[in-house]
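> Return atomic coordinates for the entry below.
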Amino acid sequence: MCIRDRLKPDREFLPLSAGELLNNAAASFRCVHPEVIVSVRYDTDCEISGDLNLLLQALANLLNNAVLDGGAERIELTCGLRDGQVELSVRDDGCGIDPRYLDRIFDRFFRTPSKRKQAVPGNGLGLAIVKHIVRLHRGTISAESSETGTVFRIRLPGAAS
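Below is the predicted model of the structure:
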């Protein structure tokens, strides 16, 4: 099944443990990037409704961007309840994203000028795909960044919603 078929909005979601989702994403990422320290932290495990493979893809895109685009050596994945929604966050210690571009990073084919100059591989679709997956799950995604790192926050309705 191609990704376009997997991203169609007419699908049934299953209950998922947000903590287990983060642990699975971290374990898969560690296999590819054992040099990066990835930690998972959550106070309480939350349940969301979703497609496990799509959500793992979204997290994999964020984790890969942290290392390939940001040069991160440490990444922290967290989940918790915020304002009645489940919040998943990916925080890294990389070089950050220039604030001038934060409002465009989720646009298809957008790449910051510094990434193009540095010949960082990619086509500018990774974060656009993440945004689409999050929206498919009736959620939102945001990013904050500084020269000491970036944090992406995904907010999803809980499984009971």
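> Residue 76 is in contact with residue 41, isn't it?
Yes - in this structure, residue 76 sits in contact with residue 41. The criterion is Cβ atoms under 8 Å, and the distance is 6.4 Å. C-betas here are computed from N, CA, C, even on glycine.
> out of those two, which sits in the busier spot?
A direct count of neighbours by other Cβ atoms under 10 Å for residue 76 and residue 41 places residue 76 higher, at 18 against 13.
> where's that one relative to residue 51, distance?
When distances are taken as Cβ to Cβ, to the nearest Å, residue 76 and residue 51 turn out to be 24 Å apart.
> Packing partners of the longest helix anywhere in the chain?
Under DSSP state H, the helix in the chain containing the largest number of residues is helix 52-68. Packing partners of helix 52-68 (3 or more Cβ pairs under 8 Å, 6 or more residues apart in numbering; DSSP states H and E): strand 14-17, helix 18-32, strand 74-82, strand 85-92, helix 126-136, strand 149-157.
> Repeat the analysis, applying 6 Å as the threshold.
With contacts defined as 3 or more Cβ pairs under 6 Å, 6 or more residues apart in numbering; DSSP states H and E, helix 52-68 has these neighbours: helix 18-32, helix 126-136.
> Include distance to residue 150, mean pLDDT and mean neighbour count when you put those helices into CSV, please.
Converted to CSV, these look like this (distance: least, Cβ to Cβ, whole Å; pLDDT from 0 to 100; neighbours: other Cβ atoms under 10 Å):
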stretch, distance to residue 150, mean pLDDT, mean neighbour count
helix 18-32, 16, 97, 18
helix 126-136, 11, 95, 20
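> Select, out of those helices, the one closest to residue 152.
Nearest of these to residue 152, taken as Cβ to Cβ: helix 126-136 at 7.9 Å.
> which residues sit against the closest one?
Judged by Cβ atoms under 6 Å, 6 or more residues apart in numbering, the contacts made with helix 126-136 from elsewhere in the structure are 7, 9, 54, 58, 61, 65, 105, 106, 108, 141, 154.
> now it, how far from the centre of its chain.
Taking Cα atoms, centre = their mean, to the nearest Å, one finds the center of helix 126-136 at 9 Å from the center of the full chain.
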